[in-house]
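> quick one: sequence plus predicted model below, questions after.
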Amino acid sequence: MSKVYIALQDNDESRYIVEAIEEDNPEATVIHMPAMTRIEAEGFLAVKRETVEEKMGRDWDVQELHINLITLGGNVDEDDDQLTLTWNS
Amino acid sequence: MAAKKLNIKDKYRLLTRDLDWDFSYQDRSKAFPFEEFEGIKITDWSKWEDPFRLTMDAYWKYQAEKERKLYAIFDAFAQNNGQLNISDPRYVNALKIFLTGVSPLEYQAFQGFAHTGRQFGGVGARVACQMQSIDELRHVQTQVHAMSHYNKFFDGLQDWSHMHDRVWYLSVPKSFFNDARAAGPFEFMVAIGFSFEYVLTNLLFVPFMSGAAYNGDMATVTFGFSAQSDEARHMTLGLEVIKFLLEQHEDNVPIVQKWIDKWFWRGTRLLTIVAMMMDYMLPNKVMSWKEAWEVYFEEAGGALFKDLARYGIRMPKYADVIEKEKEHISHQAWWTFYTHGHAAGFHTWIPTDEELDWLSEKYPETFDKYYRPRWELAKEMEAKGERFYTKALPQLCTTCQIPMLFTEMDNPTQISYRDSIYKDERYHFCSDGCKDIFDEEPEKFVQSWLPVHQIFQGNCGGPGVEDILRDYYQMNLGADNMDIKGSPDEERWKKWKGVA
Amino acid sequence: MPVHAITPDYTGDVKDRFENFHGNQVVYVGWDHHLMFCAAFAYPLPPETPFRALIEEVMPEGFSLHPEWDQVDWSKTTWLLDGQPFEPQMDVSIQDQGIGHKSLLRFQTPELKGYQGAGV
């Protein structure tokens, strides 16, 4: 299975998003680089609104992810509750 | 009763799909005249998926927020004399290449997506292209704003759009985009939306920008990442367009494969300059070009092509050559610019001893064997007061327009020469990849505006090289070009830093 | 199909045809396994130029910067013209010995291995 990945700017908001991703995707690897954080996982990764809201302590719209997003790899699917990345093989 | 908040999917349907109209009294094919000539068959545009389901209202909201954050950082950078905090004045030369070579491509992308979006019959694709077009315009604007601060303190940034149109090495990026924009809308999408955005821009905007941060350049890393946050959407559009084309009709598969072969090759040639920027122009190193290539091309691209295999799509042609080239191209490119340092709009230099050792460590198979000796020779000549500047003009590849500097990968001291005869004229290429592209569409590439030939034809002023550099390229000779040693850039830096 | 265009029977303007070079033809010259010079050099030359003039008057400015240039023995040098073995005739014009517009000449000096023997 190939790796999907997402990279976020290293800032205050992203730290909560990264925490949420780590909690929801225990298999994911978090790599810290200058000014950015890259998270990769085998085949599937989810960013869940509920978990991010819990970490941030406020409402969070999944589309707010765009503000801190640097890049991603994998087939994207986004709805009101989550953004997922998938490779089919 | 308060209106119920729409969920993303409903909102996307209402604000995108339901805005389209049917053609009741006009011929639909006349409204979209570019849709068929490339041979692509679309049976149902409604099958188009936009996974982000971004509507225009949300687009403006989030883009505005990105801009506010970005310009706050530009302000802070300027107010705090951020240019003094960069690692080394050599670093700024990478920005000069960026502003003259890359930012104008953002503008070309803006124009290309505006045209392409207009020509697509499906409303989902049209809206996505419209957003990308506006994004690209934002990118060129933010890049110009970010670098305008450096322009106050460093040479070589003053005339970037003029230089993009004229300077010999900038014909490489310019002609790359001209080729894509002169193609039909579907080829443009595979070229720029898919091949370029999905795999190749990552190499520029992620590891290189991380390198900018590591070299103290807050303004650049911020516009880079801000631009790249749009790229994540563009990458997704690029992947969706490929899947859509492949699902629409089986006849599309070989056409798309041919475009993938062409544009991955063209893209890797174009990225040679990024390879050189990463290995030679970032004084503080994050990762080598080879390492970045392995993560973003081999790993990410490999995953992508594995995923596309179910449609009958294979890895781009010459992927095996591309894999070997990661060991060589950054060194071959920097040597070319070093030896043409009198004709470049930025400064060049011999890597320091520490940097040479870093290159040996990162390229154990090739650096000491093939490339260190070149720098030993350059040092020897410099020590004698004969800094090496080449004295004749190089042969160029007709397709990529890069000097014919690439070598055979199984014989790295031998230049790779290929040629074709078309209608009794001979054309030269740096590689099988560039030759194939010409042979597929010779009537397009016989029109290549090759700077060396244009100089010989008298179309660039002259006749002397200095006249061309000064009058036609509008370089400030002695300030913009030549070695960093003894340059006004270096003198000013020393003065600011209080070193002799 | 020589081009994929929306315009029927589209043909391109050949930018580099001989007529555009004011009487000169372009000749490329490369020294194999000597990568101090990153690429072959391009020269605009009158077709009547004798081969000897190419070697003695045109090439030295660019090539003589190489530390091995003075050791090149032209009687032992081998040549390729557009990929085919070629024996230049010193006092015959380039045009009259088949060196065409945009021809590539490569020469080999197997006894000279480049700076530090590294093909540089």
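It's in.

> skipping its backbone neighbours, what lies nearest the residue in chain C that chain B sits nearest to in space?
Using C-beta to the nearest C-beta, C:G119 is the residue of chain C that sits closest to chain B, at 2.8 Å. Every C-beta, even on glycine, is put in place using the N, C-alpha and C of the backbone. With sequence-adjacent residues excluded and distances taken as C-beta to C-beta, 6 or more residues apart in numbering or on different chains, C:G119 is closest to B:T413, at 2.8 Å.

> surely the one you found touches C:H33?
Yes. Counting by C-beta atoms under 8 Å, B:T413 touches C:H33, with 4.7 Å between them.

> now do the shared contacts for the two.
Common contacts of B:T413 and C:H33 (C-beta atoms under 8 Å, 6 or more residues apart in numbering or on different chains): C:G114, C:G119.

> mind listing what the residue of chain C closest to chain B touches?
Contacts of C:G119 (C-beta under 8 Å, 6+ apart): B:Y370, B:P412, B:T413, B:Q414, C:H33, C:H34, C:L35, C:K113.

> low-confidence stretches in chain A?
The model of chain A has no residue with pLDDT under 70.

> over to chain B?
Using pLDDT under 70, chain B drops low at B:1-3, B:500.

> list the buried ones in stretch A:25-43?
Buried residues in stretch A:25-43, counted by 16 or more other C-beta atoms under 10 Å in any protein chain shown: A:N25, A:A28, A:M33, A:P34, A:A35, A:M36, A:T37, A:R38, A:I39, A:E40, A:A41, A:G43.

> okay, those in TSV with distance to A:T86 next?
Listed next are these as TSV, based on distance: C-beta to C-beta, whole Å:
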residue	distance to A:T86
A:N25	12
A:A28	14
A:M33	24
A:P34	29
A:A35	27
A:M36	22
A:T37	21
A:R38	18
A:I39	15
A:E40	13
A:A41	10
A:G43	7
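
> which one's the longest helix in chain C?
helix C:59-63 (DSSP state H).

> each with direction, which strands does the helix or strand following that one pair with?
Next helix or strand after helix C:59-63 toward the C-terminus (DSSP states H and E): strand C:78-81. In the sheet, strand C:78-81 lines up against strand C:84-86 (antiparallel), strand C:103-108 (antiparallel) (DSSP bridges).

> got the buried residues for strand C:78-81?
Neighbour count says strand C:78-81 has C:W79, C:L80, C:L81 buried, by 16+ other C-beta under 10 Å.

> wait, which of those residues is closest to B:M235?
B:M235 has its nearest neighbour among those in C:L80, at 44.7 Å by C-beta to C-beta.

> who's in contact with the closest one?
Counting by C-beta under 8 Å, 6+ apart, C:L80 has contacts C:F86, C:L104, C:L105, C:R106, C:F107, C:Q108.

> likewise C:Q97?
Neighbours of C:Q97 in contact, by C-beta under 8 Å, 6+ apart: C:F51, C:P88, C:Q89.

> hmm, 6 Å instead?
C:Q97 sits next to C:Q89 when contact means C-beta atoms under 6 Å, 6 or more residues apart in numbering or on different chains.

> ranking the strands paired with strand C:78-81 by burial, who's on top?
When these are scored by mean count of other C-beta atoms under 10 Å in any protein chain shown, the highest mean neighbour count falls to strand C:103-108 (a mean of 20).

> quick one: that one to chain centroid distance?
5 Å (C-alpha atoms, centre = their mean, to the nearest Å).

> quick one, helices of the chain?
Using chain A here. Going by DSSP H, chain A shows helices at A:12-24, A:49-56, A:65-68.

> my bad, the chain I had in mind was chain C
C:51-53, C:59-63.

> rewinding a little: can I get the contacts of C:L80 in a markdown table with distance to C:A42 and pLDDT?
Putting those into a markdown table (distance: C-beta to C-beta, whole Å; pLDDT from 0 to 100) gives the following:
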| residue | distance to C:A42 | pLDDT |
| --- | --- | --- |
| C:F86 | 18 | 98 |
| C:L104 | 10 | 98 |
| C:L105 | 11 | 98 |
| C:R106 | 13 | 98 |
| C:F107 | 16 | 98 |
| C:Q108 | 20 | 98 |
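
> pick the one among the contacts of C:G119 closest to chain A.
Nearest to chain A among the contacts of C:G119 is B:Y370, at 29.7 Å by C-beta to the nearest C-beta.

> any idea how far the closest residue to that closest one other than its chain neighbours is from B:Q332?
Distances taken as C-beta to C-beta, 6+ apart put B:P412 closest to B:Y370, at 5.2 Å, once the chain neighbours are dropped. B:P412 sits 9 Å away from B:Q332, taking C-beta to C-beta, to the nearest Å as the criterion.

> on that earlier part again, wasn't the residue nearest to C:G119 part of a strand?
Yes. Membership of B:T413 in a strand is supported by DSSP: H, G, I helix; E, B strand; the rest coil.

> wait, it sits on C:H34?
No. Applying C-beta atoms under 6 Å, one finds B:T413 not in contact with C:H34, separated by 8.3 Å.

> give me the element B:R68 is part of.
For B:R68, the host element (DSSP H and E) is helix B:56-79.
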